[in-house]
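K.L.:
Structure, please.
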Amino acid sequence: MERNAYFDNAKLVLIFLVVFGHLIQPFVGDSENLKTLYLWLYTFHMPAFIFLAGFFAKGAGKWSSIVTLGKKLLVPYLIFQLLYTLFYFFIGKSGWQAGVFYPQWSLWFLCSLFSWNILLILFKKAPMFVSLTFAVSIGLGVGYFGEIGHTLSLSRTFVFFPFFLLGYWATEKQVMWLRERIAKVISLVVMTGVAIAIYIAPELNSGWLLASKSYADLGLPVLGGVARLLVYVTAVLMAMSFLAWIPRTQNRFTHLGTRTLYVYLLHGFLIQSFREANLFRIDGVIDLLGMALLSAIIVFVLSTKPVLGIWQPFIEGKMTIIRKTFERTMDRLQER
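P.N.:
The predicted model follows:
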């Protein structure tokens, strides 16, 4: 697939929102406005990210690629599961003794991404409407079983799978339609309406958006399926509304959108260090803007070539960046 700057821009903004959301999470209980912003972001940023992952999985979903997929996703998962466990122990974080089947913090995404590609092998054989309906039905149904939770990220895998499948079935032309003026107007109405609804509605448990808890844990053991269906509709509308405002043109930061996996896997070391050290607080708009700036700096730094060179062996199982840097250095020395 020919590279489209639009998608790299989208991934860059989304990884920024992931980092920003994790930065402000400890403070959402201190302010109703901040909590509204946090929940508003979570209605779309992971669904949109997962939608894009599915969009770029059009050549995937084959049994022959399982071994390659395992090397690409499960090997980094095992490496970072160990690294985060050791890191949490070192900084004195409670609950650091998670087993290999209980993903540390954000590592759930690697487990789920592997599982989504496995599920895709089966679901792509059915017509689009049938496969999406079945995926949504499973996502609604798993909430009634408390046994399906954090283990191997099973709850999130099933609940978020419809977004991945929707991305797989979507065409580039359909996604680009979101850039039309009418789509932008509708998106403003949707995003504003959802923000107002979150602010004035009764207490909303963030667990509905994080997708890792059962309906019983969320306080709706009977009507949880109806509530999750509403969350699905909201998430799809919000993700589409977000994508309507992504620029299509190449800019000086677009290329950073190709390095989001590095930011995703590495930013936790910084975020958790900040939390344990209790370095920040949010008392007003200036503090919030400062957190946004810090998030942008984290994304930029973790996307730089030196960071990529150091971590490429752990994330991609390659050393091409280090090797090329070494070869260029040797060439310059020889020229002298």
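K.L.:
C-alpha only now, for contacts and for neighbours.
P.N.:
Fine.
K.L.:
Return the residues in contact with the most centrally placed residue in the chain.
P.N.:
Closest residue to the average C-alpha location of the chain: residue 46 at 4.3 Å, with Cα atoms, centre = their mean. Neighbour list for residue 46: 14, 18 [criterion: Cα atoms under 8 Å, 6 or more residues apart in numbering].
K.L.:
again with residue 190
P.N.:
237, 238, 241.
K.L.:
Out of the residues you listed, flag the one nearest to residue 184.
P.N.:
Within the contacts of residue 190, the smallest distance to residue 184 is 7.1 Å, found for residue 241 (Cα to Cα).
K.L.:
Quick check: the closest one vs residue 20, distance?
P.N.:
According to Cα to Cα, to the nearest Å, residue 241 and residue 20 sit 19 Å apart.
K.L.:
returning to that earlier point: keep only those of the contacts of residue 190 that are in helices.
P.N.:
237, 238, 241 (DSSP state H).
K.L.:
in the helix or strand encompassing residue 38, what counts as buried?
P.N.:
Residue 38 belongs to helix 32-42 when assigned by DSSP states H and E. Using 16 or more other Cα atoms under 10 Å as the test for burial, helix 32-42 gives 34, 35, 36, 37, 38, 39, 40, 41, 42.
K.L.:
for that helix, packing partners?
P.N.:
Secondary-structure packing of helix 32-42 (3 or more Cα pairs under 8 Å, 6 or more residues apart in numbering; DSSP states H and E): helix 5-24, helix 181-200, helix 207-210.
K.L.:
Out of those helices, which is closest to residue 305?
P.N.:
helix 5-24 (16.1 Å).
K.L.:
How about the secondary structure of residue 220?
P.N.:
Following DSSP: H, G, I helix; E, B strand; the rest coil, the label given to residue 220 is coil.
K.L.:
Report how many residues lie close to it.
P.N.:
As a burial measure, residue 220 scores 15 neighbours (other Cα atoms under 10 Å).
K.L.:
State the distance from it to residue 208.
P.N.:
11 Å.
K.L.:
Give me the contact list for stretch 194-214.
P.N.:
With Cα under 8 Å, 6+ apart as the contact definition, stretch 194-214 has outside contacts at 32-33, 36-37, 39-40, 42-43, 142-146, 148-150, 153, 155-156, 159-160, 218, 221, 228, 231, 234.
K.L.:
Just the endpoints, please. Distance across it?
P.N.:
24 Å.
K.L.:
Also stretch 117-132?
P.N.:
Across its full length, stretch 117-132 reaches 15 Å between end residues, using Cα to Cα.
K.L.:
in that stretch, what's buried?
P.N.:
Under 16+ other Cα under 10 Å, the buried positions of stretch 117-132 are 117, 118, 119, 120, 123, 124, 128, 131, 132.
K.L.:
quick one: which of these is nearest to residue 251?
P.N.:
Looking across the buried residues of stretch 117-132 and measuring by Cα to Cα, the closest to residue 251 is residue 117, at 31.2 Å.
K.L.:
The following helix or strand past the helix holding residue 38 vs helix 5-24, what angle?
P.N.:
Counting by DSSP H and E, the next helix or strand C-terminal to helix 32-42 is helix 45-55. For helix 45-55 against helix 5-24, the angle by axes from the mean of the first three to the mean of the last three Cα atoms, to 10 degrees is 150 degrees.
K.L.:
Following the chain past helix 45-55, name the next helix or strand.
P.N.:
Next along from helix 45-55, by DSSP H and E: helix 66-69.
K.L.:
For residue 140, list the residues it contacts.
P.N.:
Residue 140 is in contact with 159, 225, 228, 229, counting by Cα under 8 Å, 6+ apart.
K.L.:
Return the two entries of the buried residues of helix 32-42 that lie farthest from one another.
P.N.:
34 and 42 (12.4 Å).
K.L.:
quick one: low-confidence parts of the protein?
P.N.:
Residue ranges of the chain with pLDDT under 70: 1-2, 336.
K.L.:
and residue 149, helix, strand or coil?
P.N.:
Applying three-state DSSP to residue 149 yields a three-state assignment of coil.
K.L.:
Would you check that it makes contact with residue 159?
P.N.:
No. Residue 149 lies out of contact with residue 159 (Cα atoms under 8 Å); the separation is 10.8 Å.
K.L.:
So those two - more neighbours on which side?
P.N.:
Neighbour count, other Cα under 10 Å: between residue 149 and residue 159, residue 159 has more, with 24 against 19.
K.L.:
Highest mean neighbour count out of the helices and strands packed on helix 32-42?
P.N.:
Of all the helices and strands packed on helix 32-42, helix 5-24 has the most neighbours on average by mean count of other Cα atoms under 10 Å, namely a mean of 22.
K.L.:
what angle separates that helix from helix 32-42?
P.N.:
Using the same axes, to 10 degrees: helix 5-24 against helix 32-42 is 140 degrees.
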